[in-house]
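S.K.: Everything below, folded, please.
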Amino acid sequence: MASTIEVTGPTAGTVTVRAQGAPPAETLAAALAAAARGTALLLVDLTRVDHFTTEAVEVLLPHVNAPGYRVRVFASAAVRGKLARLGLTDVVTPKARSLTEPA
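M.R.: A predicted model of the protein is given here:
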C-alpha cells in the first residue's frame, strides 16, 4: 500500500487528517501543522497505517498536548501498539463495538 496523507475540512470546526501505509514523520508533521491552524477539533485517522515510527509519534505529541483544541486519534493495531509501548494509550479513541461483533 502506498503511503498517503489526506487533509479534509474544516467542516463545522473539525479538520480530519487520514493517513495510510507508512507515512514519513516529516510528511505527517507538515499535514498536522497545516490542519491544526484555526480548528477546534482535529481528528487523526491512522486506522489504515501499517507502520508508525517513533518519530511519527513524536510529531503527533505536540498536537495532542496543545492548549486550545482537542485531538482524537483513531488508530490501527500497529499504531495502538506503538503508542502503548510509549505509554500513550490515553490519546487513542477506543473503537466502539456492537454486542454481536466478535472481539
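S.K.: Which strand or helix spans residue 6?
M.R.: Per DSSP states H and E, residue 6 falls inside strand 4-11.
S.K.: for the record, mean pLDDT for that strand?
M.R.: In this model, strand 4-11 carries a mean pLDDT of 85.
S.K.: Return the alpha-carbon coordinates of it using CSV.
M.R.: C-alpha atoms of strand 4-11 as CSV (Å, rounded to 0.1, in the frame of the first residue of the first chain):
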residue,chain,number,x,y,z
THR,A,4,-0.7,8.8,1.6
ILE,A,5,-1.9,11.6,3.9
GLU,A,6,-5.2,13.4,3.2
VAL,A,7,-6.4,16.5,5.0
THR,A,8,-10.1,17.5,4.8
GLY,A,9,-12.1,20.3,6.3
PRO,A,10,-12.6,22.4,8.2
THR,A,11,-16.2,21.3,8.4
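S.K.: List the contacts of the helix or strand that that strand is followed by.
M.R.: Downstream of strand 4-11, the first helix or strand assigned by DSSP H and E is strand 14-21. Contact with strand 14-21 is made by 1-9, 28, 31-32, 35-36, 39-46, 48-51, as judged by C-beta atoms under 8 Å, 6 or more residues apart in numbering. To be clear about C-beta, it is placed using only N, CA and C from the backbone, and glycine gets the same treatment.
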